[in-house]
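**Q** coords please:
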Amino acid sequence: MNDPLFLLRFIQQHPTFRQAEIESCAAVNGYEVPQSFQYVEYSHESPFAILKLDEGVDPQALVKRSILSQYLRFKNLVLW
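**A** Okay, the predicted model is just below:
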């Protein structure tokens with residue numbers, strides 16, 4: 001079964017620290033990086049990232065302590 005994809009939106013500040021903060025939040029919650037989640041798409045130029053999360057990862061717990069993320073949503077979109 002495919003792991004679910006999530007759209008993560010960051011605030012427009014501190015672009016070089018975003019990835020480190022999410023990985024730190026994952027470690028605090030006991031998730032191993034990169035085994036429990038990985039970035040499918042990410043750029044410092046964009047406030048958006050697409051994450052692939054393992055089934056055991058709680059997406060809300062991943063961003064609960066984050067100050068640089070605005071929201072995390074299940075990505076069931078078709079982009080055209």
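**Q** in this protein, which spans are strands?
**A** 5-10, 37-42, 48-53, 69-74 (DSSP state E).
**Q** what is the orientation angle of the third one with strand 37-42?
**A** Orientation check (axes from the mean of the first three to the mean of the last three CA atoms, to 10 degrees): strand 48-53 against strand 37-42 gives 150 degrees.
**Q** Kindly report the same for the last one.
**A** Going by the same axes, to 10 degrees, strand 69-74 is angled at 100 degrees with respect to strand 37-42.
**Q** Buried deepest among the strands of the chain, which one?
**A** Per residue and on average, the most neighbours among the strands of the chain fall to strand 5-10, with a mean of 19 (mean count of other CB atoms under 10 Å). C-beta: built from backbone N, CA, C; applies to glycine.
**Q** could you point out the longest helix in the protein?
**A** Longest helix in the chain by number of residues (criterion: DSSP state H): helix 18-28.
**Q** Report the distance from it to the chain centre.
**A** Helix 18-28 sits 9 Å away from the centroid of its parent chain (CA atoms, centre = their mean, to the nearest Å).
**Q** what helices or strands is it leaning on?
**A** Helices and strands touching helix 18-28, by 3 or more CB pairs under 8 Å, 6 or more residues apart in numbering; DSSP states H and E, are strand 37-42, helix 59-63, strand 69-74.
**Q** Number of residues surrounding residue 18?
**A** Using other CB atoms under 10 Å, residue 18 has 20 neighbouring residues.
**Q** Relative to residue 50, how far out is it?
**A** Look at residue 18 and residue 50: by CB to CB, to the nearest Å, they are 13 Å apart.
**Q** if we can go back for a sec, nearest to residue 12 among the helices and strands packed on helix 18-28 would be which one?
**A** strand 69-74 (9.7 Å; CB to CB).
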